[in-house]
Each structure stands twice: as structure tokens, then as C-alpha cells.
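S.K.: 3D model of this:
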Amino acid sequence: MLTGELKPILTSLAMPPAGPLLLAAAGCALVAWRRWKTGAALAFLGIALLWLLCCHAVAMRLSDALLPPVRPVAPQQLQSVQAIVILGGGVLEHAPEYGSAQ
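M.R.: Here you go, the predicted model:
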């Protein structure tokens, strides 16, 4: 029903660049409604937050704080590996082994 149509919209609003962009848009809307100081502060905060989240140094700090440290793998553990999975982002227009795009 409505939840099926609303779910992709709410999901995209919860994903990363939407928060600071919505904050900046709210600031611009407040400026348009003659709330100059509050609107300018929100717009500046939204753009500054978006810029900070795009910086490599902030990304590294966040990843260090949120992700567990990577443990080195001992050579003895590599002997029992049965498969290596490589994830790719490309699409093969014609994959002859499957007969269609993959």
C-alpha cells in the first residue's frame, strides 16, 4: 500500500548526504521566510557539516572510531582457505557463459 511507496523515499532521506542537505534546505527556507539569522546559521551548519563529512581526515577518524581494528592473518590460516571472494561493481554487457548481462 502506501508503505511500499514510502519506504524508498524514507530510506533515501536516511542515507548520508541527505541529512546535511536537508539542514541546509531548511536554513534556506527560513531565510526565505525572513528568519535571517536562524536560517543563515542552519544553512551554514548544513554546508559545513556536508563539507566535513566529505573530507578524508574526518572519514578516517570516523572509521577508526566505529570499525574494529583489522587483525593480521597468519600464514597457517591461509592454508585452510577454500575460496577467495572478489566483489566488483561493474556490469558485463554480454557474459557469454550466462548468455545475458551480469
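S.K.: secondary structure class for the residue most central in space within the chain?
M.R.: Nearest residue to the geometric centre of the chain (CA atoms, centre = their mean): residue 16, 4.6 Å. State at residue 16, reduced to three classes by DSSP: H, G, I helix; E, B strand; the rest coil: coil.
S.K.: residue 53 is in contact with that one, correct?
M.R.: Yes: with contacts counted by CB atoms under 8 Å, residue 16 reaches residue 53, the gap being 7.1 Å. C-betas here are computed from N, CA, C, even on glycine.
S.K.: so residue 53 is in which element?
M.R.: In this structure, residue 53 sits in helix 36-54 according to DSSP states H and E.
S.K.: next one: residue 71
M.R.: In this structure, residue 71 is located outside every helix and strand according to DSSP H and E.
S.K.: roughly how far does it sit from residue 43?
M.R.: The spacing between residue 71 and residue 43, counted by CB to CB, to the nearest Å, is 44 Å.
S.K.: in the helix or strand of the chain with the lowest mean pLDDT, what's buried?
M.R.: The helix or strand of the chain with the poorest confidence is helix 2-14; it has a mean of 78 (mean pLDDT, DSSP states H and E). Within helix 2-14, no residue counts as buried by 16 or more other CB atoms under 10 Å.
S.K.: any idea how far that helix is from the chain center?
M.R.: Mean-position distance between helix 2-14 and its chain equals 16 Å (CA atoms, centre = their mean, to the nearest Å).
S.K.: again, but for stretch 76-87
M.R.: That offset, for stretch 76-87, works out to 29 Å (CA atoms, centre = their mean).
S.K.: list the contacts for residue 25?
M.R.: residue 46 (CB atoms under 8 Å, 6 or more residues apart in numbering).
S.K.: what strand or helix carries it?
M.R.: Element membership for residue 25 (DSSP H and E) is helix 18-32.
S.K.: what of residue 62?
M.R.: helix 56-66.
S.K.: what's the angle from that helix to helix 36-54?
M.R.: Orientation note: helix 56-66 sits at an angle of 80 degrees relative to helix 36-54 (axes from the mean of the first three to the mean of the last three CA atoms, to 10 degrees).
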